[in-house]
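Peer 1: Dropping a prediction and its sequence here:
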Amino acid sequence: MDWTFLQETFVSLVSAVPLTLLLALNAIALGSVLAVGIAVARFSTIAPLRWLAQAYVFIFRGTPLLVQLFIIYYGLSQFPAIRHSPLWPILREPYWCAVLALALNTAAYASEIVRGGLLSVPFGQVEAARACGMSRFMIFRRITLPLGVRQALPGYGNEMTRWSRRRRWPRSSR
């Protein structure tokens, strides 16, 4: 076994940990904000907004993350309109392209978790709020969103840790 190679590899991997954690933190923060907006759009009474949210979830959950990374980093730079836009200083940097791709992908998966949490709010709670004379926005802000997020947090936490639990060592047979 080549111990010097292992030591050099370990040092190079450990030096990349802060960047990896920063990338994950930024992508999760941006993705969670987008996820709530997409989940709310799925409940919209405006049909085009609801269809747009459904199409977004369908596309981003149906394509591999690596393809999304390639499209954002290599594909967007092919359009002159993007290269001459105010977004170009951000989109030409690999770090921000990675944050964007990870955030968009995370938002698609997390929006379904948040939507499930919002659907789990008992109808009696909403009915009681209506009986008290609350508006739809106030019901959403004071009843539906807090209870829905509380129901969605365990699933959302599991989604955020899914990459770290991909591989497990096989159990030894006795």
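Peer 2: Thanks, I have it.
Peer 1: for the residue nearest in space to the middle of the chain, what are its contacts?
Peer 2: Nearest to the geometric centre of the chain sits Thr106, at 2.1 Å (CA atoms, centre = their mean). If you count contacts by CB atoms under 8 Å, 6 or more residues apart in numbering, Thr106 has them with 27-28, 31-32, 35, 159-160. Glycine gets a C-beta too; all of them are placed from N, C-alpha and C.
Peer 1: now what about stretch 11-24, what contacts it?
Peer 2: With CB under 8 Å, 6+ apart, stretch 11-24 has contacts from 95, 98-99, 102.
Peer 1: Can I have the buried ones of those as a PyMOL selection?
Peer 2: If you want just the buried ones from those in PyMOL, going by 16 or more other CB atoms under 10 Å, the selection is:
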select buried, resi 98+99+102
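Peer 1: Pull the most distant pair out of the contacts of stretch 11-24.
Peer 2: Farthest pair in these (CB to CB) is Tyr95 and Leu102. Separation: 10.8 Å.
Peer 1: residue contacts, Arg61?
Peer 2: Going by CB under 8 Å, 6+ apart, Arg61 touches 108-109, 112.
Peer 1: Now name the helix or strand holding it.
Peer 2: Here Arg61 is covered by helix 47-62, with elements defined by DSSP states H and E.
Peer 1: pLDDT averaged over that helix, what's the number?
Peer 2: What helix 47-62 shows for mean pLDDT is 95.
Peer 1: quick check, distance from whichever helix or strand comes after that helix to the centre of its chain.
Peer 2: Toward the C-terminus, helix 47-62 is succeeded by helix 65-70 as the next helix or strand (DSSP H and E). For helix 65-70, the gap between its own C-alpha mean and the chain's C-alpha mean amounts to 14 Å (CA atoms, centre = their mean, to the nearest Å).
Peer 1: Give me the contacts around helix 65-70.
Peer 2: The set of residues external to helix 65-70 that reach it, using CB under 8 Å, 6+ apart, is 60, 97-98, 101-102, 104-105.
Peer 1: List the buried residues of it.
Peer 2: Of the residues in helix 65-70, 68-69 count as buried by neighbour count, 16+ other CB under 10 Å.
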